[in-house]
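Chemist: Got a predicted structure here, sequence first:
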Number of protein chains: 2
Amino acid sequence: MMMESTFSNSGKTWLRRLAAVVSLSSGAQAAILSSLTQTRHFRAREHIMRDGTRDGSVQVLLRGFAYRHRYRPDGTRQITAFLVPGDICDFGFLSHSAVSQNVIALPASSVGQLDLSQLAGMVEKHPEIMTGILRCAAIEQSTMQELLVSVGGRTALHRVAHMLCEMHYRLSKVDLVDAEGSFGFPLTQSELGDALGLSTVHINRKIQVLRREGLAIWRDKTITLPDPQALRALCSFDPTYLRAGVPAH
Amino acid sequence: MMMESTFSNSGKTWLRRLAAVVSLSSGAQAAILSSLTQTRHFRAREHIMRDGTRDGSVQVLLRGFAYRHRYRPDGTRQITAFLVPGDICDFGFLSHSAVSQNVIALPASSVGQLDLSQLAGMVEKHPEIMTGILRCAAIEQSTMQELLVSVGGRTALHRVAHMLCEMHYRLSKVDLVDAEGSFGFPLTQSELGDALGLSTVHINRKIQVLRREGLAIWRDKTITLPDPQALRALCSFDPTYLRAGVPAH
DNA sequence: GCAGGCCCTTAACCTATGTGAATTCCGAAA
DNA sequence: TTTCGGAATTCACATAGGTTAAGGGCCTGC
C-alpha cells in the first residue's frame, strides 16, 4: 500500500456520488471536492480494511473495485458487498465502532481518506453532507438486503442475472459502462460464487446459459450486456432498492 | 392499531438498550426515559410500517416481537430481520428516506414513538444519544450480514441452530429468557423458513433433529434450550457480531 | 522456452433440500 | 361441545445445485 498527499481532483468522484443522493450548496460542493486530502493506493487483492480494526477515518473508494466479506467458522466466506468508485468502504466511523468485516481491493485501487475531525468541521458548516453520507449508508443497507433476498430464494440463474443487472446499473451511474454495454468486472467466478452462495462450477453453468441466450458475455474481466432490458426482464430486476427511497432531485 | 398518550414508563426498555451500547450521562438517561411520549399498539400480524412510507418519526418496539421483510417478484418473501423489545423499527429516519420494507408485528406489540424534532433537541443536548442510535444501526447491519452469511452457506441444521442461539442471546439481554432457558418465540415454522431461506417442511425436519438431540424444544410458541452451550457448539455460534465492535463499558 | 499455477470449462455423479399431498394436532369461534 | 382452519408433521418423490476430477488456456517467473 502506497501513500501520497497529492491534492488530487479525485474528490470529484465522491462529489458525484453525494450529489446524486442529496442537494448540495455550492459551499458544500467545494468542501467535498477538497476534502479527500490523502489517497492510498492498493494492489490487487490487498486488504483495504481488516476485521477488528478501529476505523478512525472515512475511506472512499475512488478508483478500482473492492468487496467486503466475512468468514464462516468452516473457512468459507460470504461476500456481503461490492464497492464501486464513490462508495464508502465502511460505515463504522458513524458509530465509532470497529469494522466487523474485511474490505479487499480487487484490481489496483485508490482510496481517498478523510479524518473524522475534518468531517466534523465540514458537517457543521454543511449539514447536508451528513445527510448524504447517511443516505449512502441506507442505500448500502438496502443493497445488502436485496442480496439477502437473492441468496435466500432466487434461482441460481436469477441470482447471477440480478447481480449483473445491479453492477451494470451502479457502474453506469459512475460512467464506467461504455456505449456497447460493457463494463470491467474484475471478479473471479469463484468470488462471484462467494457473494451469491453458489459454487464456482454452478456459476459457470449459469454464465454459459446467459452467454448462449445472448444475454451476457463475460470475457477478459469484462462483461457485456447486449440487451440489458432483456436481462432485466429475465430476473425482474427493479433498481428501486438502489435508490433507497431517496427522491430524484 | 390503537393509540394513547400515556406517559408510560416503557421508556425503560429503550434506555436499557441504549445504555448497553453507549455511556449515558444521567441527563441523557432522563431524557430518554421521558422521550417516548406516544405509544401505539398493534394486533398480531398487523403492519407497523409499510413499504414506501416516509418515516417521520423514530419507532421503538417496546413490547412484543416483530419482523421486517421484502417481497420477491414471484410473491415469496425474505424476512430480513427480527425485532425484539428495545429495537428501532426502521432506521430510515436517519437519512429522511422512505422505508423500503415492511415491518410486521407478530403477536400483539407496542411501539413507542418520538418525533424527529424532539429527537433533534435531545441529541443537541446529549450527543451520546445519537452515537447510541448509530450503534444500534450498526448492530442491525451486522446482524443482517450474519443472516446473509447463514443463508449463503450454512447447512439447514446450522442455520436453524444459529438463529435459535441468536434469539436466545438477544432476548436474554432484555430479560426475556427465564431460568430454564425458555423464551417466547411467536413465529410460525413457515415464517422462520422465510427468514432462513428454507421450506417449511425442511425447517420442521431440522427442528425434529434438534429435539431428538435434546438441544432445542419448540412448543406452544415457546422455545427451550436445555443446553445452550451445546447448541452454540453445534453451529459455532459466536455473538461477537451482535456487539458490532462496541466495547463493553 | 519451459514449468507452475490460477482460472475457466465440462462431465459424471451425489445429496441436501424442495414439492405436493395426506394426516394429525390444537386452539378459537360458534 | 362441535366445528373449523391454521399449523405441525410425515411420507414419497423430484431436482437444483454441490462435489470431485480432469483437461485446456493463459500468464508469469525462471
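Modeler: Nice, I can see it. Remember, it's a predicted structure, so these values are computed and weren't measured experimentally. Residues are numbered from 1 along each chain as shown, chains lettered A, B, ... in the order given.

Chemist: how about the strands in chain A?
Modeler: A:2-4, A:38-42, A:47-49, A:57-63, A:66-71, A:77-83, A:102-105, A:109-115, A:182-184, A:217-219, A:222-224 (DSSP state E).

Chemist: Those strands into a markdown table, with extra columns for mean pLDDT and mean neighbour count?
Modeler: From N, CA and C alone the C-beta is placed, and that goes for glycine too. Listed next are the strands of chain A as a markdown table, based on pLDDT from 0 to 100; neighbours: other Cβ atoms under 10 Å in any protein chain shown:
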| stretch | mean pLDDT | mean neighbour count |
| --- | --- | --- |
| strand A:2-4 | 55 | 10 |
| strand A:38-42 | 92 | 19 |
| strand A:47-49 | 92 | 19 |
| strand A:57-63 | 94 | 22 |
| strand A:66-71 | 96 | 20 |
| strand A:77-83 | 98 | 23 |
| strand A:102-105 | 94 | 23 |
| strand A:109-115 | 93 | 21 |
| strand A:182-184 | 95 | 18 |
| strand A:217-219 | 95 | 15 |
| strand A:222-224 | 96 | 17 |
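
Chemist: Over in chain A, which residue gets nearest DNA strand D? Let me know.
Modeler: residue A:202 (3.0 Å; Cβ to the nearest atom of the strand).

Chemist: ok, and the closest non-adjacent residue to that residue?
Modeler: Among residues not flanking residue A:202 along the chain, residue A:156 sits closest, at 5.6 Å (Cβ to Cβ, 6 or more residues apart in numbering or on different chains).

Chemist: thinking again about what came up before, could you dump the strands of chain A to TSV with distance to DNA strand D?
Modeler: Output for those, formatted as TSV (distance: least, Cβ to the nearest atom of the strand, whole Å):
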stretch	distance to DNA strand D
strand A:2-4	18
strand A:38-42	17
strand A:47-49	20
strand A:57-63	20
strand A:66-71	16
strand A:77-83	12
strand A:102-105	17
strand A:109-115	18
strand A:182-184	16
strand A:217-219	10
strand A:222-224	13
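
Chemist: I'd like to know which of those is closest to residue B:181.
Modeler: strand A:66-71 (28.0 Å; Cβ to Cβ).

Chemist: Going by neighbour count, list what's buried in stretch A:190-204.
Modeler: The neighbour-count check on stretch A:190-204 (16 or more other Cβ atoms under 10 Å in any protein chain shown) flags A:191-198, A:202-204 as buried.

Chemist: What are the contacting residues of that stretch?
Modeler: A:67, A:69, A:76-80, A:82, A:106, A:147, A:150-151, A:156, A:159-160, A:163, A:189, A:206, B:151-153 (Cβ atoms under 8 Å, 6 or more residues apart in numbering or on different chains).

Chemist: now it, how far from the centre of its chain.
Modeler: Centroid displacement of stretch A:190-204 relative to its chain, using Cα atoms, centre = their mean, to the nearest Å, is 18 Å.

Chemist: Endpoints of that stretch, how far apart?
Modeler: End-to-end distance of stretch A:190-204 (Cα to Cα, to the nearest Å): 9 Å.

Chemist: now that stretch: mean pLDDT?
Modeler: Mean pLDDT, stretch A:190-204: 98.

Chemist: Quick one: check it for contact with DNA strand C.
Modeler: Yes: using Cβ under 7 Å from any atom of the strand, stretch A:190-204 comes into contact with DNA strand C via A:190, A:200-201, A:204.

Chemist: same check, this time on stretch A:38-48
Modeler: No: Stretch A:38-48 stays clear of DNA strand C (Cβ under 7 Å from any atom of the strand), getting no nearer than 8.2 Å.

Chemist: so residue A:207 sits right up against residue A:213, yeah?
Modeler: No: assessed by Cβ atoms under 8 Å, residue A:207 is found out of contact with residue A:213, at 10.8 Å.

Chemist: Compare these two (neighbour count), which wins?
Modeler: Using other Cβ atoms under 10 Å in any protein chain shown as the criterion, residue A:207 and residue A:213 rank with residue A:207 on top: 19 against 15.

Chemist: ok, the residue nearest to residue A:202 - contacts?
Modeler: Contacts of residue A:156 (Cβ under 8 Å, 6+ apart): A:196, A:198, A:202-203, A:205-206.
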